[in-house]
Structures are given as C-alpha cells and as structure tokens.
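Asker: What would the 3D arrangement of this be:
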Amino acid sequence: MSKNTKSRIGVVEKISGQKTIKVVVSRLTKHKLYKKYIKWRRNFLVHDPKNEARVGDTVLIKEGRPYSKLKSWYLAKIIQRSEEQVV
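Answerer: Numbering: from 1, shown residues only. Predicted coordinates:
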C-alpha cells in the first residue's frame, strides 16, 4: 500500500452477503453561492474478511485492490461498536 491510500469513516448500513458490508459515508459541505450546508451521502461495498462488523458500527475503510466488480474497499478498523449489539 502507498501513503496516498484513500480512507473514509462511515457507518455500516447493511450486511450484504458473506464478507461484504455496505457502508454509508456522509459529509457536510457548504454551497459556494448560497452558503447553505448540504449533506452528501455515498454508499460503499466493503470487503470484511472476518465478518466482524455489525449494523450500526462506525468503521474506517481504506481503498485497496478490486475484490469484485463493485467492491474495492476493505475494512481497516472498527472505531465504535453500535450500542444495540452490546448485550
């Protein structure tokens, strides 16, 4: 991996199959003309080799080699577990 690897922080929205999770990354940006804040959302299919992540977890994902047609991100670290899962 190079130093210029992209990384994002998002929330696991769905577990879609074995070793695959759907992560939503949202960010706020200010409109250049109207100065209002706009919320952007982007969905990523992420490779989770150990099936560790659960719905609602906050995770760090990094860009890597393509794992499939739509999956070229992998799970780097689980930052915070969802509170629903802790029982």
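Asker: contacts, neighbours, all on C-alpha from now
Answerer: OK.
Asker: give me every residue that touches the residue nearest the centre of the chain.
Answerer: Centroid-nearest residue in the chain: residue 23, 3.6 Å away (criterion: CA atoms, centre = their mean). If you count contacts by CA atoms under 8 Å, 6 or more residues apart in numbering, residue 23 has them with 10, 11, 12, 13, 14, 43, 44, 45, 46.
Asker: Provide the secondary structure category for residue 29.
Answerer: Secondary structure, DSSP: H, G, I helix; E, B strand; the rest coil: residue 29 is strand.
Asker: How many residues are close by it?
Answerer: 11 (other CA atoms under 10 Å).
Asker: any idea how far it lies from residue 69?
Answerer: 29 Å (CA to CA, to the nearest Å).
Asker: can you check residue 39 too?
Answerer: Distance from residue 39 to residue 69, counting by CA to CA: 27 Å.
Asker: about what we covered before: which of the contacts of residue 23 count as buried?
Answerer: For the contacts of residue 23, a neighbour count by 16 or more other CA atoms under 10 Å gives the buried set as 10, 11, 12, 13, 14, 44, 45, 46.
Asker: Show me the shaky parts of the chain.
Answerer: Counting by pLDDT under 70, the chain has low-confidence residues at 1-2, 85-87.
Asker: Go again with 90.
Answerer: Counting by pLDDT under 90, the ranges of the chain that qualify are 1-5, 83-87.
Asker: leaving aside the residues next to it on the chain, what's closest to residue 70?
Answerer: residue 45 (6.7 Å; CA to CA, 6 or more residues apart in numbering).
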